[in-house]
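Participant: I need the structure of the sequence given here:
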Amino acid sequence: MRLRNRALARVDSEHLLLLKGLLLWAVIGVAFLAAWRYGLLQRVWHDDSTGLSVAITLVFLAIAARGSWHVLKLSRALNHVAEVRGAIMQAPAPDLDRSDRSRALPKGCVSEYIQTLHTKAKIGGHRGVIDQGLLLDAFEADLRSGHELGWFVADLLLSLGLLGTVIGFILMLGPISDLDTSDQGAIRTALAAMSGGMAVALYTTLTGLIGGMLLKIQGFLLDGAVQELVRRTTQLTEIYVLPGIERRQLDATV
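Facilitator: Alright, predicted model coming up:
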């Protein structure tokens, strides 16, 4: 029982999702500063003649910042569902049926969803069990809105890294086609060009892999938060909201 209470306390911790997002940014920041301190970033950006590594880095930072905004929104939503549950639990028993009233629930996406349930029951004239499956699907779709871009860009960064690999090999093998083996200067020039092409291939691949993996970690964090929010909202409405609506409708028919 004590372990279960501790686990529930950790799950309901305020802004737990935001703390996870900040931890991810802390890891990224430390890695970035270490790479800058030892000149790795400068070397990657300087030796990549195509500029793909710089482009991948800038796109990653922009999409990661956008994903962080979604992390903040979902963190607030998870806090909100806990506040709504507390407000309903503290309400007197007769007032549980009126959990859609503005006086009872704090403003937020979960309160709006509960209001939608009451509106559906009122307009539809339901008698008996109310099915909220379609509304939950729409609620989840709204929560996931904008997350697809993060997954798309994560795959795009991996593709850009592979594109850089192909370009690097082309730059590396190009000077060999017309190489005069009797000219020592031409050989040295070709080797230098091959080295530059190999640098492009390796650095763009490395940058694309790192950026794509980090964005996928952030996407995994967001998807997990959406599933948790939908789970809590479903549990809250099925236990405390829908029975009150159904009971009130049955009383109205008597």
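Participant: which SS class is residue 119?
Facilitator: Residue 119 carries the three-state label helix when classified by DSSP: H, G, I helix; E, B strand; the rest coil.
Participant: burial measure for it, as a count.
Facilitator: 11 (other Cβ atoms under 10 Å). Placement of C-beta: from N, CA and C, glycine included.
Participant: Then residue 51?
Facilitator: Other residues within reach of residue 51, judged by other Cβ under 10 Å, total 12.
Participant: so what's it up against?
Facilitator: Counting by Cβ atoms under 8 Å, 6 or more residues apart in numbering, residue 51 touches no other residue.
Participant: how much space between residue 228 and residue 143?
Facilitator: 10 Å (Cβ to Cβ, to the nearest Å).
Participant: nope, residue 63 is what I was after
Facilitator: 18 Å.
Participant: and residue 136, how many neighbours?
Facilitator: That count, for residue 136 with other Cβ under 10 Å as the rule, works out to 16.
Participant: and the strand or helix carrying it, which residues are buried?
Facilitator: Following DSSP states H and E, one finds residue 136 within helix 133-144. Residues 136, 139, 140, 143, 144 are the ones in helix 133-144 that count as buried (16 or more other Cβ atoms under 10 Å).
Participant: name the helices or strands packed onto it?
Facilitator: If you count contacts as 3 or more Cβ pairs under 8 Å, 6 or more residues apart in numbering; DSSP states H and E, helix 133-144 packs onto helix 109-124, helix 184-236.
Participant: what's the following helix or strand after the worst-scoring helix or strand of the chain on mean pLDDT?
Facilitator: Lowest by mean pLDDT, DSSP states H and E among the helices and strands of the chain is helix 2-11, with a mean of 45. Reading on from helix 2-11 to the C-terminus, the next helix or strand found by DSSP H and E is helix 16-37.
Participant: And the contacts of that following helix?
Facilitator: Residues contacting helix 16-37 (Cβ under 8 Å, 6+ apart): 10, 13, 41-42, 64, 68, 71-72, 74-75, 78, 214, 217-218, 221, 225.
Participant: And those, which two are furthest apart?
Facilitator: Using Cβ to Cβ, those span at most 41.3 Å, a distance reached by 10 and 42.
Participant: Tell me the spacing between residue 121 and residue 240.
Facilitator: Residue 121 is 15 Å from residue 240, by Cβ to Cβ.
Participant: of these two, who's got more company?
Facilitator: When residue 121 and residue 240 are compared for neighbours, residue 121 comes out ahead with 20 against 17, by other Cβ under 10 Å.
Participant: Nearest residue to that one in space, ignoring adjacent ones along the chain?
Facilitator: Nearest residue to residue 121, sequence neighbours excluded (Cβ to Cβ, 6 or more residues apart in numbering): residue 245, at 4.9 Å.
Participant: Run a quick check on the one you found versus residue 116, I expect a contact.
Facilitator: No. Applying Cβ atoms under 8 Å as the test, residue 245 and residue 116 come out as separate, 11.7 Å apart.
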